[in-house]
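A.B. asks: model this:
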Amino acid sequence: MTDERHPPAAETGTLQRDFPMSYAIFAMARVHKAMAASALAEIGLFPNQDVMIVQLAASDGLSQKTLASTLRVSHVTVVKMVARMEKAGLVSRRTSENDRRITLVSLTDAGRALHDQVLDIWRDLEEVTTRHLSADDRQAFLDAASHIRPALEAAADPTAVQPA
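C.D. replies: As a prediction, the model looks like this:
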């Protein structure tokens, strides 16, 4: 099978051989994202809606700007996500009393009811992801990721302030 998700083997072989680190990250993220999307679809959610539910469960009434920053997506994308989730009865929106330009988002009871299911999905993903790793392997991966991610973020947005 060859399509956008399944490029010809020769193409991926070249990428894997010539760019092993980038290909490993790409391949791992692709499979992880597909597994998460499949599990989330079973409870009626799309990718990133799970993160928004967890974020709002921890701190309800966040601005759409804060949600966009947390999810690392554009404000327009968050507005569309929130509209979709509002239509599904998972969140509600209201204008900030302090600044009428700011729209605050809150979980509804239906959205809050999905929180535990979202955490179960993440727990299952964590188990599958780390199943064959030792405690040292896990720590080594986290250490490497803690260096890779800021480097990628700095390259993606050189104007962003990077942590020390």
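
A.B. asks: Let me know the secondary structure of Gly89.
C.D. replies: Assigned by DSSP: H, G, I helix; E, B strand; the rest coil, the conformation of Gly89 is coil.

A.B. asks: Apart from its neighbours in sequence, what residue is nearest it?
C.D. replies: Take Gly89 and drop its neighbours on the chain: the residue closest to it by CB to CB, 6 or more residues apart in numbering is Ala110, 4.7 Å away. All C-beta atoms are positioned from the backbone trio N, CA, C, and that covers glycine.

A.B. asks: looking at this, the one you found is in a helix?
C.D. replies: Yes. Assessed by three-state DSSP, Ala110 belongs to a helix.

A.B. asks: doesn't Val91 make contact with it?
C.D. replies: No. With contact defined as CB atoms under 8 Å, Ala110 does not count as touching Val91 (9.1 Å).

A.B. asks: how near is the residue nearest to Gly89 to Gly44?
C.D. replies: Ala110 sits 10 Å away from Gly44, taking CB to CB, to the nearest Å as the criterion.

A.B. asks: ok, back up a step: tell me which of Ala110 and Val91 has more neighbours.
C.D. replies: When Ala110 and Val91 are compared for neighbours, Val91 comes out ahead with 25 against 13, by other CB atoms under 10 Å.

A.B. asks: Dig out what that one forms beta bridges with.
C.D. replies: In this structure, Val91 bridges to Leu107 when assessed by DSSP bridges.

A.B. asks: how about it, what does it touch?
C.D. replies: By CB atoms under 8 Å, 6 or more residues apart in numbering, the contact list for Val91 reads 52, 56, 82, 85, 105-108, 111.

A.B. asks: mind redoing it with 7 Å?
C.D. replies: Residues near Val91 by CB atoms under 7 Å, 6 or more residues apart in numbering: 56, 82, 85, 105-108, 111.

A.B. asks: which residue packs closest to the residue sitting nearest the centre point of the chain, ignoring adjacent ones?
C.D. replies: The geometric centre of the chain, computed from its C-alpha atoms, lies nearest to Asn48 (CA atoms, centre = their mean), at 4.9 Å. Spatial nearest neighbour of Asn48, chain neighbours left out: Leu71 (5.5 Å); criterion: CB to CB, 6+ apart.
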